[in-house]
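Visitor: After the sequence you'll find the predicted model.
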Amino acid sequence: MLEVKGSQVRLGVEAPADLAIHRDEVWEKIMEENRKAMTVTPDQMELLVKSFPVVRKTPGDPSGPETEGEGSP
């Protein structure tokens, strides 16, 4: 215990500098935001799919993959 000021208590934790220490409610908010960031809606997935060209590899073609729209039928 580092300090008592009225009804507030200030606690101290000895830990390595690279170790994050959070109150439970802060940790829960961090985890909630992480879960939201991992969720992809159908609209977001459609935008992602449209953002990348279709890549096809022609069997026996030594030049590598062919991108749709660049010389492909």
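Guide: The structure has been received and is ready for your questions.

Visitor: All the helices of this protein, residue numbers only.
Guide: Counting by DSSP state H, the chain has helices at residues 24-38, 42-51.

Visitor: Put together TSV for these, with mean neighbour count and mean pLDDT on each row.
Guide: No exception for glycine: its C-beta is placed from N, CA and C like everyone else's. Shown next, in TSV, are the helices of the chain (neighbours: other CB atoms under 10 Å; pLDDT from 0 to 100):
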stretch	mean neighbour count	mean pLDDT
helix 24-38	10	94
helix 42-51	9	90
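
Visitor: Make CSV out of these and add distance to A17.
Guide: Below are the helices of the chain laid out as CSV (distance: least, CB to CB, whole Å):
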stretch, distance to A17
helix 24-38, 18
helix 42-51, 37
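
Visitor: Send me stretch 21-31 as PDB with only the CA atoms.
Guide: Provided in PDB are the C-alpha atoms of stretch 21-31 (Å, rounded to 0.1, in the frame of the first residue of the first chain):
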ATOM      1  CA  ILE A  21      -0.800  -4.500 -15.000                       C
ATOM      2  CA  HIS A  22      -4.500  -3.500 -15.400                       C
ATOM      3  CA  ARG A  23      -7.500  -3.200 -13.000                       C
ATOM      4  CA  ASP A  24     -10.100  -5.900 -13.700                       C
ATOM      5  CA  GLU A  25     -12.600  -3.500 -15.400                       C
ATOM      6  CA  VAL A  26      -9.800  -2.100 -17.700                       C
ATOM      7  CA  TRP A  27      -8.700  -5.700 -18.600                       C
ATOM      8  CA  GLU A  28     -12.300  -6.600 -19.400                       C
ATOM      9  CA  LYS A  29     -12.600  -3.600 -21.700                       C
ATOM     10  CA  ILE A  30      -9.400  -4.500 -23.500                       C
ATOM     11  CA  MET A  31     -10.600  -8.100 -24.000                       C
END
